[in-house]
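# Task: produce atomic coordinates for the following.
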Amino acid sequence: MSVARIHRLAPALVNQIAAGEVVERPASVVKELLENSLDAGATRVDIDVERGGAKLIRLRDDGHGIHKDDLSLALASHATSKISDGAGLESVATLGFRGEALASIAAISRLTLTSRSADAMDGWRVLAEAERVTSLTPAAHPPGTTVEVRDLFFNTPARRKFLRSERTEFTHLEQVVRRIGLSCFSVEINLRHNQRQVLTLPSANDRESQERRIGEVCGRAFVDNAVFLERQSIAMKLWGWIGLPVFSRSQADLQYFFVNGRAVRDKLLMHAVRRAYQDVLYQDRHPTYVLYLELDSALVDVNAHPTKQEVRFREGQQVHEFAWRTLQETLGAVRPGHTPAMGLPANTQSGAPERTTPSRLDLASGDIDRSQGATQQPPPASKTTERPYQAVQQSFAIRDGEAVTRYKPPPVEPLQAFAAAIEPEPVAGRESIPPLGYAIAQLHGVYILAENRQGLVLVDMHAAHERIVYERLKATLEQESIRAQALLVPVTVSLSRTEVQQLEERIEELSKWGFDIAPLGPETVAVRSLPALLGEADVVQLVRDLSADLRTLGQGVSLREHLSGLLGTLACHSSVRAHRKLTLEEMNALLRDMERTPNSGQCNHGRPTWLQFGLDELDKWFLRGR
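The predicted structure follows:
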């Protein structure tokens with residue numbers, strides 16, 4: 001058998017191969033063309049599609065247009081106006097920059113490019129069929145550009161066979177338009193399919209109109225159950241909307257993150273989001289968000305992935321810390337009385353809240369529209385002996401490896417004293433009432449019934465106290481130096497050489513968290529102390545898990561995250577159990593602590609801690625006013 005010699009591929013074949021990387025389906029064509037329009041400064045883009053995009057894709061914008069002499073060059077491979085040298089590649093500020101899109105699309109379709117620059121009197125048109133470009137011809141056209149792509153993959157039938165049904169292909173295409181629509185609020189976008197208007201996104205230049213656009217793309221329920229955030233540091237800015245934990249999803253289908261206007265699926269940013277939500281989401285639920293990160297283009301490499309969906313940050317740890325802190329503090333700032341919405345778990349048999357549209361609650365007005373709800377079975381009676389809840393004078397200590405709760409019963413004071421710090425200014429003509437109101441009874445030793453301005457509040461006392469304890473333990477963990485607890489006998493742990501080296505590099509950092517770990521050999525370490533907060537932890541498993549985390553992420557932030565997870569278990573065992581009788585003063589103390597505690601709407605397992613029932617809803621149940 002003869003050995004083939006090395007030779008150059010034909011230009012047409014090169015472009016067809018390149019088209020395979022750029023154009024996967026009609027949605028890929030729309031993405032590239034729409035991004036070109038945005039780079040051209042368009043304020044309006046009209047998209048017409050036929051047969052899911054396989055027959056026709058026509059996109060018209062009112063951008064700055066293409067100069068007559070550049071029209072033919074625009075269809076050549078690696079021809080672009082967006083960068084010119086290596087310095088430009090290091091600080092790309094546009095969505096496109098490689099000059100591959102139009103050439104790749106022209107190689108597998110019948111393409112017509114018509115454009116008129118802002119300073120020109122006439123428009124011009126150029127045609128391309130499988131790369132064969134015709135000469136320029138004049139064409140009537142307003143300032144801007146129109147790209148018409150017909151018969152996609154007509155000359156590559158093998159790839160055309162991989163297209164799905166018309167409905168499926170258009171669904172992918174529409175998702176691309178919706179996603180890009182979230183990245184450019186100032187641009188009006190219209191989408192038509194088979195001569196039918198499908199999507200209209202007017203320009204949005206203020207918060208209210210932006211939320212209307214988000215509601216059009218993500219659903220109004222997301223906007224009703226989201227919190228707006230905006231924070232800026234010296235190097236970067238993060239803003240957008242994050243869904244409340246009660247508005248979680250069973251899959252990660254409502255997550256949008258944009259970096260300098262570019263939609264990305266970056267592992268670093270996704271990890272920062274997961275970490276911020278880690279102790280407020282139920283089991284395997286996924287958070288919802290529409291977030292925008294802005295930073296100097298020189299600090300982010302957008303050329304790290306062929307599809308430009310992943311980026312690389314020059315200061316990845318700084319970006320991660322900024323995003324995580326911002327999201328965590330935003331979620332923690334949500335308190336009873338300031339919560340836009342509260343949802344109810346719908347699937348009580350599995351315990352997982354599957355409903356994607358939780359009930360709407362406005363604590364300011366007292367309006368509630370709750371379509372369905374459920375109650376959970378109370379846990380079995382606890383056999384442990386515990387003291388009642390005394391939140392006001394409660395503190396925590398470690399004794400013999402256990403969390404010990406010290407109680408100092410406070411003197412009985414008027415209940416209004418508990419509300420003073422929560423709502424110091426009374427409403428005109430009405431008594432000052434805290435958001436969660438005042439306790440009126442305890443139900444089966446499991447739930448607290450309280451009365452507030454809107455109606456009835458139902459509180460799971462164990463879940464609520466668990467969150468309070470957990471947040472206090474986390475506050476202790478946030479201190480620069482954590483108290484260490486020496487082990488009676490040092491524990492030897494066998495690890496790999498790499499793991500021992502990683503732990504050795506972080507000995508100083510580990511000591512701040514209460515760890516005393518020293519290498520005994522190339523594959524062995526000795527553990528002499530642990531953080532006192534961890535109590536009687538499995539030392540060997542703890543060190544192995546810790547070293548695995550450090551190896552995976554390569555960042556010290558994993559240490560804090562790992563300890564936070566262990567504190568959740570500790571908080572669960574340290575909180576007041578069900579079926580414990582509480583006095584009214586103790587129940588009110590718990591309510592006041594909930595109003596002061598971050599993330600008090602959920603326990604650290606993600607279950608809701610309280611629900612609101614409005615008077616209007618109660619009246620409907622009993623047919624009052626009819």
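# Summarise which helices and strands the host helix or strand of residue 272 is packed against.
Element membership for residue 272 (DSSP states H and E) is helix 267-277. Counting contacts by 3 or more C-beta pairs under 8 Å, 6 or more residues apart in numbering; DSSP states H and E, helix 267-277 packs against strand 255-259, strand 289-295, helix 316-332. Just so you know, the C-beta spots here come from the backbone N, C-alpha and C atoms, and that holds for glycine as well.
# Pull out the buried residues from it.
For helix 267-277, a neighbour-count test (16 or more other C-beta atoms under 10 Å) marks 268-269, 271-277 as buried.
# With distance to residue 7 and pLDDT added, can I get the residues you listed in CSV?
Shown next, in CSV, are the buried residues of helix 267-277 (distance: C-beta to C-beta, whole Å; pLDDT from 0 to 100):
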residue, distance to residue 7, pLDDT
268, 42, 89
269, 44, 92
271, 46, 90
272, 48, 92
273, 49, 93
274, 49, 91
275, 52, 87
276, 54, 89
277, 55, 91
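# Looking at these, which one is closest to residue 56?
residue 269 (36.3 Å; C-beta to C-beta).
# Next, work out how far apart the residue lying closest to the closest one once chain neighbours are set aside and residue 104 are.
Counting by C-beta to C-beta, 6 or more residues apart in numbering, residue 269 lies nearest to residue 257, which is 5.4 Å off, once chain neighbours are set aside. Counting by C-beta to C-beta, to the nearest Å, the separation of residue 257 from residue 104 is 26 Å.
# neighbour-wise, which of the two wins?
Using other C-beta atoms under 10 Å as the criterion, residue 257 and residue 104 rank with residue 104 on top: 24 against 21.
# Give me the phi and psi for residue 169.
phi -60, psi -40 (degrees, to the nearest 10).
# my bad, residue 24
Dihedral angles (degrees, to the nearest 10) for residue 24: phi -90, psi -40.
# same question, residue 200
Residue 200 adopts backbone torsions of phi -130, psi 120, taken as degrees, to the nearest 10.
# ok, it to residue 216 distance?
8 Å.
# Residue 45 now?
In terms of C-beta to C-beta, residue 45 sits 16 Å off from residue 216.
# the more surrounded of these two?
residue 45 (26 against 18).
# Provide the secondary structure category for the more buried one.
strand (DSSP: H, G, I helix; E, B strand; the rest coil).
# That one against residue 189, yeah?
Yes: counting by C-beta atoms under 8 Å, residue 45 touches residue 189, with 5.1 Å between them.
# and the gap between residue 502 and residue 444?
In terms of C-beta to C-beta, residue 502 sits 50 Å off from residue 444.
# hmm, I was thinking of residue 31
56 Å.
# So for these two, which residue has more residues nearby?
Shown here are residue 31 and residue 444; by other C-beta under 10 Å, residue 31 has more neighbours (25 against 8).
# so where's the stretch 101-250 of the chain shaky on pLDDT?
Along the stretch 101-250 of the chain, the model assigns pLDDT under 70 to residues 131.
# Do you have the strands of it handy? List them.
For the stretch 101-250 of the chain, the strands defined by DSSP state E, counting those that start in this stretch occupy 110-116, 123-129, 132-133, 137-139, 144-150, 188-193, 196-201, 226-232, 236-243.
# Now do the shared contacts for residue 45 and residue 189.
residue 34 (C-beta atoms under 8 Å, 6 or more residues apart in numbering).
# what about the helix or strand encompassing residue 543, average pLDDT?
For residue 543, the host element (DSSP H and E) is helix 539-553. In this model, helix 539-553 carries a mean pLDDT of 75.
# And stretch 498-507, by the same measure?
85.
# same check, this time on stretch 613-626
Across stretch 613-626, pLDDT averages out at 87.
# Please export the C-alpha coordinates of that stretch as PDB.
Output of stretch 613-626 as PDB, limited to C-alpha atoms (Å, rounded to 0.1, in the frame of the first residue of the first chain):
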ATOM      1  CA  PHE A 613     -51.300  32.900  54.400                       C
ATOM      2  CA  GLY A 614     -53.100  36.100  53.600                       C
ATOM      3  CA  LEU A 615     -56.400  37.200  55.000                       C
ATOM      4  CA  ASP A 616     -57.900  37.200  51.600                       C
ATOM      5  CA  GLU A 617     -57.000  33.600  51.100                       C
ATOM      6  CA  LEU A 618     -58.400  32.600  54.500                       C
ATOM      7  CA  ASP A 619     -61.600  34.400  53.600                       C
ATOM      8  CA  LYS A 620     -61.900  32.400  50.400                       C
ATOM      9  CA  TRP A 621     -61.400  29.100  52.300                       C
ATOM     10  CA  PHE A 622     -64.400  30.000  54.600                       C
ATOM     11  CA  LEU A 623     -66.500  31.700  51.900                       C
ATOM     12  CA  ARG A 624     -66.500  35.000  53.700                       C
ATOM     13  CA  GLY A 625     -67.800  38.000  51.900                       C
ATOM     14  CA  ARG A 626     -69.900  36.000  49.400                       C
END
